[in-house]
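Trainee: let me see the structure of the following:
(2 chains, ligands or ions: 2)
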Amino acid sequence: MEGLDRKLGVFSALPIFIVLAITFLAPLFVVAAFSIMPAKVFSLANVPDFSAYATFLQQGYWKSLAWSLGMAFASTLLLFIVCWPLAYGMAKVFGKFTLVVTIAVVVSLFVSENIRLFGWVLTLMKGGLIAGYLEAWFGVEMESPLYTVPIIVFGLVYVYFPFMLFPLAQGIAMVPDDARQAAADLGASRWRILWEIDLPLAAPGIVVGSLLSFVLAAGALAESKLLGGQAVIVFADEIETAFTYGQNWPLGSALSMVLILIVGSLAIVGVSKIDLDAIMGRKR
Amino acid sequence: MAAEPVLRLKNIVKKFGAFVALHGINLDIRDGEFLTIVGPSGSGKTTLIRLLVGMDSPSEGEIWLNNSRIDKVPANKRPTCMVFQSLALFPHRTVGQNIEFPLKIRGVGAAERTARARELLELLRLPPHYQEKRITECSGGEKQRVALARALAFDPEILFFDEPLSALDYRLRKTLEKELKDLHARTGKTFVYITHSLEEAMVMSDRIAIMREGKLEQLADADGIYTRPVSRFVAEFMGEVNLFDVEGTAQGGLHGRGVEVHVNGQMEDIGISLGQGERGTLMVRPEFVRILESSGTSDFIVRGILRAEYALGSRIQYEVEAADGSRLSVEKLREDRYQGAIGDELVLGWDLDSTHLIRED
Ligand SMILES: Nc1ncnc2c1ncn2[C@@H]1O[C@H](COP(=O)(O)OP(=O)(O)O)[C@@H](O)[C@H]1O
Ligand SMILES: [Mg+2]
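Mentor: Numbers count the residues shown, from 1 in each chain, chains lettered A, B, ... in the order given. Ligands and ions are numbered 1, 2, ... in the order given. The predicted model follows:
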């Protein structure tokens, strides 16, 4: 019986596996292949050439990589701290009001990211919405916070908010109320309960939310361009430049591969540490 | 009897919006006793115990532990603890870590914690290697013991239980009931136990409090509750019973439909008398009712027809339809079983000293 189940399982997974292979794995292989192609050749039938990777190491691209990863890390951490109370409320306190919060957050996704970010630019720029009102009402002149690193991180936090919020709420919903109450009954303070009960039991949601936010933020481009101006060059920007202005496809591919490898290994480590079934629903 | 109670409840009221879940509970819990609070589902038992451990606070009234008032003290600052209906074990921790939890919170060192956990495992008859076992790998009975060990590790002044055995099968429940009683004797702690099962209460408790719709109906030892219930509700809750509506007569006797009263004089002596026109309920348990010869006499007599017979294991229960249509039950030990047949006309009788009179307003 089990053998048959297993065979049927493989069988029913086959279509989606093929789709994934074509849409996901194949492009990855193409990028990998391009990254070891000599520059300005445009043919895959060549001796592998790793000079693009050498360029990555020699020309200071690691700096923009560090900015991207650093800001992704900062925004993920901030997202976690900002989303936890709201996610907690959604999972345990709000009741029916949770639906209102969910809809409000989801509706924001209907408007394209670029347009929303541009809204922030208009709001925050010199002589923009905030500065303008401040000056008109209080006569205070304000320096625009635009074109700095903190505002880029703010943009990342703003854009990837739902990607942390929903998995986190899902994770917190899995923490049994009676375990929290029992911990309190046995003498644990609020903080102790957070540390001993909430965080470990909500871990699947925390890992999924953090991975999503980190991965998306590490590859983000719009926030640094629109809000950050040229304050820092992020890694995705370098990749884009290599493919477009630079017309250096091997370099662009090599840079992409570096990011994919870093992010991919993080994801594999993260996912292997948690029980995905717990959050995605039981497997039989 | 201890002079001062460990826990004293003064006029505890709990409201959820307009709904009053507890209507002024007064209760003194004695040091070292095993007190069971019994009541049907929805009678407010869980609500009451949540107030006592500090997971909720009363709308009115006071709770005193020894000589300090604790109703405003949060759960994590109270020296009491509770074994949950769901057990509420921490699924992400091992058996050992669960037991050590209260000690860890208190800042006890790792070596001492492990040693104490080992002692508790032994006290609860779990093998020492269970320390490393995952909670999810334990059986129902084992989880039960782990929850108990964890509560004992906290070393509470009073240990509360909210129907911890209700999810287990009958045999395991019976075993654990005895173990709990034994554990109570060995630890000398005050146990306050909640259940909807009368049987559980009878087996374990020193005293039983009966709860009904947010009020304490009666508080007594098992014998008192069983033989001298204060209300029809308690009488019926505590098992099979025969009840008759009666009224006091001018001569100081009792008169009731379907019951012949052949007692003279002594009724007042044992408290079974009513003023003229006063109403009450006469109670007799099925095991005290005898099947008489047709000419036999007894203090109380009812005539009826045998309608059914049920085997209850060691006992046989008979259902008899009285002349006025009401049903009586009679229980006999198997060796004394009635030799006749269904449809026989029977004369049932019982004595004054196995009779109890319930006066209700
Ligand atoms: N948080 C609450 N809000 C509203 N009503 C409640 C709440 N908790 C309990 N109740 C009500 O109080 C009554 C007693 O409940 P409970 O104490 O759980 O009973 P028991 O434990 O005896 O079965 C029930 O009618 C229940 O619906
Ligand atoms: Mg209950």
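Trainee: and what about the residue in the stretch 251-361 of chain B that ligand 1 sits nearest to, helix, strand or coil?
Mentor: Evaluated by Cβ to the nearest ligand atom, the stretch 251-361 of chain B has B:E360 as its residue closest to ligand 1, separated by 22.3 Å. Quick note: C-beta positions are derived from backbone N, CA and C, even for glycine. At B:E360 the chain is in coil, as set by DSSP: H, G, I helix; E, B strand; the rest coil.
Trainee: how much space between it and chain A?
Mentor: From B:E360 across to chain A, the span is 39 Å (Cβ to the nearest Cβ, to the nearest Å).
Trainee: so who does that residue touch?
Mentor: B:V230, B:S231, B:R232, B:G280, B:T281 (Cβ atoms under 8 Å, 6 or more residues apart in numbering or on different chains).
Trainee: get me the contact residues on the stretch 101-250 of chain B for chain A.
Mentor: B:F101, B:P102, B:I105, B:R106, B:R150, B:A151, B:F154 (Cβ under 8 Å from any Cβ of the partner chain).
Trainee: test my guess that the second one contacts B:F154.
Mentor: Yes. B:P102 sits in contact with B:F154 when judged by Cβ atoms under 8 Å, with a separation of 3.9 Å.
Trainee: which residues in the stretch 1-150 of chain B form strands?
Mentor: Secondary structure of the stretch 1-150 of chain B (DSSP state E, counting those that start in this stretch): strands at B:7-16, B:19-29, B:34-38, B:60-65, B:68-69, B:80-83.
Trainee: need those in TSV with mean pLDDT, distance to A:S213 and mean neighbour count, can you?
Mentor: Compiled in TSV, those are given as follows (pLDDT from 0 to 100; distance: least, Cβ to Cβ, whole Å; neighbours: other Cβ atoms under 10 Å in any protein chain shown):
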stretch	mean pLDDT	distance to A:S213	mean neighbour count
strand B:7-16	96	40	18
strand B:19-29	96	44	17
strand B:34-38	96	50	25
strand B:60-65	95	47	17
strand B:68-69	94	48	10
strand B:80-83	94	39	25
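Trainee: could you dump these to TSV with distance to A:L28?
Mentor: Listed next are these as TSV, based on distance: least, Cβ to Cβ, whole Å:
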stretch	distance to A:L28
strand B:7-16	58
strand B:19-29	61
strand B:34-38	65
strand B:60-65	65
strand B:68-69	68
strand B:80-83	54
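Trainee: what does the pLDDT read for the residue nearest the centre of chain B?
Mentor: Ranked by distance to the mean C-alpha position of chain B (Cα atoms, centre = their mean), the top residue is B:A201 at 3.5 Å. B:A201 is assigned 91 on the pLDDT scale.
Trainee: cool, the one 4 residues further on as well?
Mentor: Per-residue confidence for B:S205 comes out at a pLDDT of 94.
Trainee: just give me the neighbour total for it.
Mentor: 24 (other Cβ atoms under 10 Å in any protein chain shown).
Trainee: in contact with A:V159, which residues?
Mentor: A:E113, A:R116, A:L117, A:A220, A:A222, A:E223.
Trainee: give me the subset of the residues you listed touching chain B.
Mentor: Answer for the contacts of A:V159 near chain B: none qualify (Cβ under 8 Å from any Cβ).
Trainee: which of those residues fall in strands?
Mentor: With strands taken from DSSP state E, there is no overlap with the contacts of A:V159.
Trainee: for the closest residue to ligand 1 within chain A, give me the pLDDT.
Mentor: Nearest to ligand 1 in chain A, going by Cβ to the nearest ligand atom, is A:D177, at a distance of 11.9 Å. Predicted confidence (pLDDT) for A:D177: 94.
Trainee: excluding its backbone neighbours, what's nearest it?
Mentor: Closest residue in space to A:D177, ignoring its immediate chain neighbours: A:K92 at 7.3 Å, by Cβ to Cβ, 6 or more residues apart in numbering or on different chains.
Trainee: count the neighbours of the one you found for me.
Mentor: A:K92, neighbours per other Cβ under 10 Å, totals 16.
Trainee: can you check A:L65 too?
Mentor: Based on other Cβ under 10 Å, the number of other residues close to A:L65 is 19.
Trainee: that one is in contact with A:L261, isn't it?
Mentor: No. If you go by Cβ under 8 Å, A:L65 and A:L261 don't touch, sitting 11.4 Å apart.
Trainee: wait, the residue nearest to A:D177 sits on A:I172?
Mentor: Yes. Counting by Cβ under 8 Å, A:I172 is a contact partner of A:K92 at 6.7 Å.
Trainee: from the centroid of chain A, which residue is nearest?
Mentor: Nearest to chain A centroid, counting by Cα atoms, centre = their mean: A:S213, 2.4 Å.
Trainee: in stretch B:135-146, which residues are buried?
Mentor: For stretch B:135-146, the neighbour count (16 or more other Cβ atoms under 10 Å in any protein chain shown) marks B:I135, B:C138, B:G141, B:E142, B:K143, B:Q144, B:R145, B:V146 as buried.
Trainee: for stretch A:176-193, that is, sorry about that
Mentor: Those would be A:176, A:179-188, A:192-193, for stretch A:176-193 by 16+ other Cβ under 10 Å.
Trainee: coming back round to it: which residues touch the residue nearest to A:D177?
Mentor: A:I172, A:A173, A:D177.
Trainee: quick revisit: look up how far A:P200 lies from the residue of chain A closest to ligand 1.
Mentor: Separation of A:D177 from A:P200 (Cβ to Cβ, to the nearest Å): 16 Å.
Trainee: can you check B:L346 too?
Mentor: The value you get for B:L346 to A:P200, if Cβ to Cβ is used, is 67 Å.
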